[in-house]
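Novice: Below: sequence and its predicted model.
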Amino acid sequence: MMPQSLDMITRLVGFDTVSRHSNLDLIHFVRDYLAAQGVASQLVESPAGDKANLFATVGPQVEGGIVLSGHTDVVPVDGQPWETDPFTVTEKSGRLYGRGTCDMKAFIAVGLAMVPRMLQAGLRRPVHFALSYDEEVGCTGAPPMIARLAREIARPAAVIVGEPSSMKPIMAHKGLAPVRTTVIGHEAHSSQIQRGVSAVMTAARLITFLDDLMAENKAHADPDCPFVPPYTTLHVGVVHGGTAVNIISRECSFTWDCRALPGDSVQRYLDKFRAYCDSLLPAMRAIAPESSITTELLADAPPLTSDGDDTAQRLAMRLTGSSACGVVPYATEGGQFQARGFSVVVCGPGSIDQAHQPNEYIEIAQVEACEAFMENVIAHCAS
């Protein structure tokens, strides 16, 4: 048996919303779909106007509702060995394959597919949709929408962020801070190493320093920490630098991220890293005064913490039948909602193990579990 939301999943996955592209086609589709059922939407556009968040309310504008939060962007498929078209849903062996099936268009699709049920149920408390852009590049798109939600909608009881958690409630996650470091050195013939300042080799030392910081965290990790891994991580994902093998490189940049445990400080790592950069500069500038190292914090998505307001957690446990809430190492927009005073829980279909992978998939059983969960959301808001 196929899930009732399959058509909506197929429609959403069919929009190529890789973060470097616009998401407007998907957002306009959702706006028009909701409008056809008498539900008005509000768009919160990006500064360039090429992307947008969307929020909408189904039911009365009263307090105590539930926000269904999801991001519409997906990670790239470039260079990945896909066996099927990543933007066409393919059903095989009880799974739905396609980019975003797991992370995280299935959750959005299930909610949207059930809008007719919400309207028929006579909701006494509203269901709000909050769809964002650019989550995958540092959770940079959602904050303006969250600010408007805080001002414009009746205070909800809970925000449910539908990231893949195998439909298990999640009460806490790490933060995410993407960072870009650029090294400027001095070009010379590679046979005259004394005349140049290698940006690439300097960057390599900086990358190793970050790895050493993480190794120190690992060595001193609290064995009772519930996170896996149980320490703040530092990871370099992209490196660009150099011109040719026989040219001492003038420029090298690398992008890295810090995923801090709740209670840890991203700034602490930035301060240590910048101090190490400063220690390298005198020797570089003795050869080439124009040498430099600059580090830019691209975004800072805070961790989700168990802050004492467990309203959303208790609700998600009741709606899923779970007896406890867990923690996850990945970041979501949940921390941004929490920073604006919302009670937040993460709970969505699929496993993070399949996210960002070639041949990304979601188990059909997970979609059906999400549909059952959404029925419980509707029943709760109608009661």
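Specialist: Cool, the structure landed.
Novice: can you map out the strands along the stretch 1-150 of the chain?
Specialist: 41-45, 52-58, 66-71, 90-92, 95-97, 127-132 (DSSP state E, counting those that start in this stretch).
Novice: Actually, the stretch 251-383 of the chain.
Specialist: Using DSSP E, counting those that start in this stretch, strands in the stretch 251-383 of the chain cover 251-259, 292-297, 326-328, 344-346, 361-363.
Novice: Would you tell me which one of the strands of the stretch 1-150 of the chain is buried the most?
Specialist: Highest mean neighbour count of the strands of the stretch 1-150 of the chain: strand 66-71, a mean of 27 (counted as mean count of other C-beta atoms under 10 Å). The C-beta positions use only the backbone N, C-alpha and C, and glycine is treated the same way.
Novice: what sits against residue 274?
Specialist: Shown in contact with residue 274 (C-beta atoms under 8 Å, 6 or more residues apart in numbering): residue 295.
Novice: Of the strands of the stretch 1-150 of the chain, which is nearest residue 330?
Specialist: strand 66-71 (12.4 Å; C-beta to C-beta).
Novice: And the strands of the stretch 251-383 of the chain: which comes nearest residue 8?
Specialist: Closest approach to residue 8 among the strands of the stretch 251-383 of the chain is made by strand 361-363 (13.3 Å; C-beta to C-beta).
Novice: now what about that closest one, what contacts it?
Specialist: So strand 361-363 is contacted by 94-98, 101-102, 106, 164, 349-350, 354 (C-beta under 8 Å, 6+ apart).
Novice: swap the cut-off to 10 Å and go again
Specialist: 3, 9, 84, 89-98, 100-107, 164, 166, 348-351, 354-355, 369-370 (C-beta atoms under 10 Å, 6 or more residues apart in numbering).
Novice: which regions of the protein lie under the pLDDT threshold?
Specialist: For the chain, the stretches with pLDDT under 70 are 1-2.
Novice: Would you map out the domains in this structure?
Specialist: Listed by automatic domain parsing, the domain ranges of the chain are 6-173+304-382, 177-297.
Novice: coming back round to it: make CSV out of the strands of the stretch 1-150 of the chain and add distance to residue 250.
Specialist: Shown next, in CSV, are the strands of the stretch 1-150 of the chain (distance: least, C-beta to C-beta, whole Å):
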stretch, distance to residue 250
strand 41-45, 38
strand 52-58, 39
strand 66-71, 37
strand 90-92, 46
strand 95-97, 44
strand 127-132, 38
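Novice: follow-up on the earlier one: now, of the domains of the chain, which is deepest in the fold?
Specialist: domain 6-173+304-382 (a mean of 20).
Novice: how long is that one from one end to the other?
Specialist: In domain 6-173+304-382, first residue to last residue: 25 Å (C-alpha to C-alpha, to the nearest Å).
Novice: I'd like the numbering to begin with 29 instead of 1 from here.
Specialist: From this message on, residue numbering opens at 29, which makes the last subject domain 34-201+332-410.
Novice: circling back to that earlier point, minimum distance to residue 248: which of the strands of the stretch 279-411 of the chain has it?
Specialist: strand 279-287 (16.4 Å).
Novice: got the contact list for residue 80?
Specialist: With C-beta under 10 Å, 6+ apart, residue 80 has these contacts: 50-52, 54-56, 59, 69-74, 100, 159-161, 169, 173.
Novice: Apologies, that question was intended for residue 118.
Specialist: 38, 41, 110-112, 124-126, 129, 387, 389.
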